[in-house]
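Chemist: Sequence below, structure please.
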Amino acid sequence: MNAKGFGRQTLERRVLREDIRDHLIDDILNGRLAPGDRIVETRIAQRFGVSQAPVREALRDLELFGFVVSSPYRGAMVRQISVEDLMQIYPIRAALEGLAAREAATRIDAAGLKKLEKLLLALRSAAAKGDMRAEVDADYAFHLTIVEASGNWLLKQFWERMRLATTTFLTVSKSHRSLHEIVEWHVSLIDALKSRDAAAAEREMRRHIEEPGQLLRASMEEAEANRRKGAGRRTPARGRKAAG
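Modeler: Below you'll find the model as predicted:
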């Protein structure tokens, strides 16, 4: 095979890998693949009509991004993201996206700002309909737009590896805050970017991420307190039964 043919084959494999990866991500985020589900290479290859090579490469990407875990004997499985994982990732997200917002403030163009405003409208529409999935998708696109506007490709790579965790906050927090309230957190961030104020953009982005983290911590503490209270109520009942 000549160099031109080899290059074309490599490009085709890369495209196949990315298509398979994106389809599997969509399956995970939309619940068609649940935490703990096995992802069998041969079945995925048959589904897309390809060899196992691009499937294996796509699964390596998914493992790198935190969507799956692999073991020598069980193969690839959809990863379970725990609340503890989320708590650890919030300060990392705040630092990364704070930097992205700072850099984007002086780089984002009119088209980028217009896109953010359209996504804000999409977020409000999803909240009005109570459409959690649409709000998650619009929220991800909103943050991606800012990360890309930073012009820092390495930052984008690190950020994308946390994608599964960054899409779970609305699901976790929906019983503690209205969707409308969560949406309006984006407004001050857009205002800071419009003003080209790098320090304000970083500050608003960090607040936008850290406040949900504090909310999640409070909900965790509440759940733990309720669990202990429930355990405390059950213990005397077992004691009375034993004594009788």
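Chemist: ranges for the strands of this structure?
Modeler: Counting by DSSP state E, the chain has strands at residues 38-39, 68-71, 75-78.
Chemist: Which one of those lies nearest to residue 145?
Modeler: strand 68-71 (26.5 Å; Cβ to Cβ). Any C-beta I mention is one placed from the backbone N, CA and C, and that applies to glycine too.
Chemist: Run through who's touching the closest one.
Modeler: Residues outside strand 68-71 that contact it (Cβ atoms under 8 Å, 6 or more residues apart in numbering) are 39, 59, 62-63, 76-79.
Chemist: In JSON lines: the residues you listed, plus pLDDT and distance to residue 195.
Modeler: JSON lines is the format used below for the contacts of strand 68-71 (pLDDT from 0 to 100; distance: Cβ to Cβ, whole Å):
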{"residue": "39", "pLDDT": "94", "distance to residue 195": "45"}
{"residue": "59", "pLDDT": "93", "distance to residue 195": "44"}
{"residue": "62", "pLDDT": "89", "distance to residue 195": "39"}
{"residue": "63", "pLDDT": "89", "distance to residue 195": "40"}
{"residue": "76", "pLDDT": "93", "distance to residue 195": "46"}
{"residue": "77", "pLDDT": "94", "distance to residue 195": "46"}
{"residue": "78", "pLDDT": "92", "distance to residue 195": "42"}
{"residue": "79", "pLDDT": "88", "distance to residue 195": "39"}
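Chemist: Nearest to residue 117 among the residues you listed?
Modeler: residue 62 (32.4 Å).
Chemist: Now for residue 57, how many residues are close by?
Modeler: By the criterion of other Cβ atoms under 10 Å, residue 57 has 17 neighbours.
Chemist: what does residue 180 give?
Modeler: Neighbour number of residue 180 under other Cβ under 10 Å is 11.
Chemist: Considering helices and strands only, name the one in the protein with the lowest mean pLDDT.
Modeler: Within the chain, no helix or strand scores below helix 169-173, which has a mean of 54 by mean pLDDT, DSSP states H and E.
Chemist: Give the residue spans of the protein that score low on pLDDT.
Modeler: 1-15, 83, 86, 164-179, 216, 219-220, 223-224, 233-244 (pLDDT under 70).
Chemist: so what are the domain limits for it?
Modeler: 3-78, 83-226 (automatic domain parsing).
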